[in-house]
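Enquirer: Make a model of this:
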Amino acid sequence: MQSKKLTRGLLCFYLLMLTWIIVFKMAFSPGMLARMRTVNLIPFGASVIVNGHISFSEIIQNALAFIPLGIFIHALWEEKPLINRILPIIFTSLLFEMAQFIFAIGASDITDLISNSLGGIAGIGIATALSKFLPKHWRKLVNAGCLIGALVLSALVILLLVVNI
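Expert: Numbers count the residues shown, from 1 in each chain. You can find the predicted model right below:
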């Protein structure tokens, strides 16, 4: 039970950081945010085309950012059907895209929704594989890795705060 409490706490921290990164673009004040409201409903369309070619770097970064969400969801709801673990990932990504539109602080993009969702699903796959290969210790491994990640991310945020003050 202690392991799940730690997982929930790490999930909350991760979601706060993800919100700050995706919705608020790592800004420290509202004045730092660019005012922009666009919607792109064409997957892999103009929003990811750079010099006539698809820029895969943003797609990959979005997917990587959501892998931990899939891992956390699997760790907390392993016993639930797969669709009940995938839907929160899709809804979380959709919520971020809607928040960007509502607050006019970013582009709402179907490509982001797709890549975020695929990253979360990959996270579920990673956690499933870990649970099969290390059935007794995989949650401890996930919590340890996420705790280290949270500490590193916290240090980076503090560094950004110090540099920007």
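
Enquirer: Tell me who's in contact with residue 98.
Expert: residue 108 (CB atoms under 8 Å, 6 or more residues apart in numbering). No exception for glycine: its C-beta is placed from N, CA and C like everyone else's.

Enquirer: Local confidence estimate at it?
Expert: pLDDT recorded at residue 98 is 92.

Enquirer: and it, how far is that from residue 91?
Expert: 10 Å (CB to CB, to the nearest Å).

Enquirer: Residue 146 now?
Expert: Residue 146 is 21 Å from residue 91, by CB to CB.

Enquirer: Low-confidence ranges, this structure, go.
Expert: 1-2, 26-35, 46-53 (pLDDT under 70).

Enquirer: what's the residue sitting nearest the centre point of it in contact with, if anything?
Expert: For the chain, the residue nearest the mean C-alpha position is residue 66 (3.3 Å; CA atoms, centre = their mean). Taking CB under 8 Å, 6+ apart, we find residue 66 in contact with 89, 92-93, 115-120, 123.

Enquirer: Confirm it sits in a strand?
Expert: No: read with DSSP: H, G, I helix; E, B strand; the rest coil, residue 66 is helix and lies in no strand.

Enquirer: Quick check: it vs residue 13, distance?
Expert: Distance from residue 66 to residue 13, by CB to CB: 15 Å.

Enquirer: Buried residues in the lengthiest helix in the chain, which are they?
Expert: Ordering each helix of the chain by length in residues (DSSP state H) puts helix 138-164 first. By neighbour count on 16 or more other CB atoms under 10 Å, the buried set for helix 138-164 is 138-139, 142-143, 146, 150.

Enquirer: tell me how far it is from the chain's mean position?
Expert: Relative to its parent chain, helix 138-164 has a centroid offset of 14 Å by CA atoms, centre = their mean, to the nearest Å.

Enquirer: cool, stretch 13-20 as well?
Expert: That offset, for stretch 13-20, works out to 8 Å (CA atoms, centre = their mean).

Enquirer: Strands of the protein, start to end?
Expert: Secondary structure of the chain (DSSP state E): strands at 36-40, 49-50, 53-54, 105-109.

Enquirer: could you dump these to JSON lines with mean neighbour count?
Expert: Formatted as JSON lines, the strands of the chain follow (neighbours: other CB atoms under 10 Å):
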{"stretch": "strand 36-40", "mean neighbour count": "13"}
{"stretch": "strand 49-50", "mean neighbour count": "11"}
{"stretch": "strand 53-54", "mean neighbour count": "10"}
{"stretch": "strand 105-109", "mean neighbour count": "20"}
